[in-house]
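J.: fold the following, please.
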Amino acid sequence: MVTRPLLAAGILAGSCNVVSGFVPGLAPLRHMGRGINPPPSASLCTVRCELGGLGGVGDDDVPVTKIEMGKVPLGKKSISELGVGTIAWGDPDRGYGTQFGRPMVEQAFRELAEGGVTFVDTAEVYGYKGIEAGESSENLVGGFLEDLRERDPARSVDCVAASKFFPVPWTNMLVGGGVRIGRQAVVDAARASSERLGRPIDLYQLHFPFPYFGGSDALCDGLAEAVDLGLVKSVGVCNCEVNELLHFHGALGKLGVPLVSNQVKLSLLDRKVVKSGLMDTCKELGVTVLAYEPLEGGLLSGKYHQGQHISGPTPTTKFSEEELLQRRPIVNLCRFIGTFDGGKTTAQVALNYVMSKGAVPIPGCKNVAQARELLGACGWRLSETDMEVLDERMDYFESQSGLQGVTSSLSKEIQGWFG
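T.: This is a model prediction of the structure:
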């Protein structure tokens, strides 16, 4: 059997054809002794998730994988090394009520909480169509956290609920209230989010830097007042580049409010925040990096590339055939590395890559099977060689074809809500 260093060298040199899944001199991966079938020590959950690729239906017979969840500092608290995003919860345009519903996401939340996940990310505009019925994302998260508090008070104490302030003036068209102008609008929005959550907001984030009516000072004053009133426990930002991060860090600091986080888009396919120096700046300032779209909308889960050695990528309306074909080598490389890391799935490798870069990934999750696969990304780290191989291959593809991520959540959110 070829040794790991030799395999790594082969990949770096390009002798490993990750497009087809063959390694010169070796049988196809599916026939290797340590191929897609994981070793006996791996859990059955890993097998099922490799076959399903984050596409499970929430079946309860998938066994739980025991992990040792790592911790990451967030201001004065600490959170799990993996969080969960809830942009689809309560949103009928994303399948809520037709493809999945409250019972399914509640089971997923319980699974994640019992597995050690303590960070859940929502926003006032997530699932806003369900606000009147009490089924927006914030409503759902608040209800699940209250249920957790009643069932397991000790575990619920560690949970951090994060929400966001949407600074567009006419956000009231979606969530109610007045036009977003000045300091008071920030306080009113924080109060409304806190009421939907049924608790103070552990982390209140500026959804994105926007020319706010009233100016940046009014925005920061409103955030500081929300902290003073006990509506908010800590403050973060989202989608801020280096100069914007430095501005808010300084402005909030003058008001006695530490800036504890910056939520940005980061994945194996989209490393702009690493290359721009933003990650380094965050580290210097003690700002925790939260990573949304770590699986590129599911493309890095591997589910769109099942059976590709025979018939090509799985047809989908979400991604074009060209997008899938261009990114197939990276997806295959993740699968290949996972095979030799104890039978980890493509998604688990992609998530662990983000963790190994120093960020907390917050992938979406809708069912128990997905929750258990996500938990399998925790409690271990890719080797230095694995990280070098992944970065080397991505550098190559970027230089040759401009290969990058396929999602741009911020623009999609704005277009979807106000387009």
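J.: now do the buried residues in stretch 102-113.
T.: With burial defined by 16 or more other C-beta atoms under 10 Å, the residues of stretch 102-113 counted as buried are R102, M104, V105, Q107, A108, F109, R110, E111, L112, A113. No exception for glycine: its C-beta is placed from N, CA and C like everyone else's.
J.: can I get these in CSV with secondary structure, distance to F165 and pLDDT?
T.: Putting those into CSV (DSSP: H, G, I helix; E, B strand; the rest coil; distance: C-beta to C-beta, whole Å; pLDDT from 0 to 100) gives the following:
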residue, secondary structure, distance to F165, pLDDT
R102, helix, 25, 97
M104, helix, 29, 98
V105, helix, 24, 98
Q107, helix, 30, 98
A108, helix, 26, 98
F109, helix, 23, 98
R110, helix, 28, 97
E111, helix, 30, 97
L112, helix, 25, 98
A113, helix, 26, 97
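J.: ok, those vs V141, which is closest?
T.: Compare each of the buried residues of stretch 102-113 with V141 using C-beta to C-beta and the shortest gap goes to F109, at 8.0 Å.
J.: residues near the closest residue to that closest one other than its chain neighbours, how many?
T.: Computed as C-beta to C-beta, 6 or more residues apart in numbering, the closest residue to F109 that is not its neighbour in sequence is F144, at 4.6 Å. For F144, the count of nearby residues is 23 (other C-beta atoms under 10 Å).
J.: just the buried residues of stretch 174-186, please?
T.: Applying a neighbour-count criterion of 16+ other C-beta under 10 Å, the buried positions in stretch 174-186 are L174, V175, R180, G182, R183, A185, V186.
J.: can you tell me what sits against that stretch?
T.: For stretch 174-186, contacts defined as C-beta atoms under 8 Å, 6 or more residues apart in numbering pick out 124-125, 128, 131, 165-172, 188-189, 192, 212-214, 218-219, 221-223, 225-226, 417.
J.: how about the secondary structure of D217?
T.: Three-state call for D217 (DSSP: H, G, I helix; E, B strand; the rest coil): helix.
J.: relative to V349, how far out is the nearest residue to it once chain neighbours are set aside?
T.: Sequence neighbours aside, A251 is the residue nearest to D217 in space, at 7.2 Å (criterion: C-beta to C-beta, 6+ apart). For A251, the distance to V349 (C-beta to C-beta, to the nearest Å) stands at 39 Å.
J.: count the residues that sit near L295.
T.: By other C-beta under 10 Å, the residues close to L295 number 24.
J.: residues contacting it?
T.: Counting by C-beta under 8 Å, 6+ apart, L295 makes contact with L54, S267, S301, A347, A350, L351, P363.
J.: could you measure from it over to Y126?
T.: 18 Å.
J.: hey, where'd the strands end up in the stretch 1-150 of the chain?
T.: Per DSSP state E, counting those that start in this stretch, the stretch 1-150 of the chain carries strands over the ranges 71-74, 77-80, 83-85, 119-121.
J.: mind putting those strands in a markdown table, mean pLDDT, distance to L285 and mean neighbour count included?
T.: As requested, the strands of the stretch 1-150 of the chain are arranged in a markdown table below (pLDDT from 0 to 100; distance: least, C-beta to C-beta, whole Å; neighbours: other C-beta atoms under 10 Å):
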| stretch | mean pLDDT | distance to L285 | mean neighbour count |
| --- | --- | --- | --- |
| strand 71-74 | 97 | 12 | 17 |
| strand 77-80 | 97 | 17 | 21 |
| strand 83-85 | 98 | 20 | 27 |
| strand 119-121 | 98 | 20 | 27 |
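J.: rewinding a little: separation between the residue nearest to F109 and I181?
T.: From F144 to I181 the distance is 33 Å (C-beta to C-beta).
J.: same thing with N172?
T.: As judged by C-beta to C-beta, N172 and I181 stand 10 Å apart.
J.: out of the strands of the stretch 1-150 of the chain, nearest to R155?
T.: Of all the strands of the stretch 1-150 of the chain, the one in closest proximity to R155, counting by C-beta to C-beta, is strand 77-80 (11.4 Å).
J.: direction included, what does the closest one pair against?
T.: strand 71-74 (antiparallel) (DSSP bridges).
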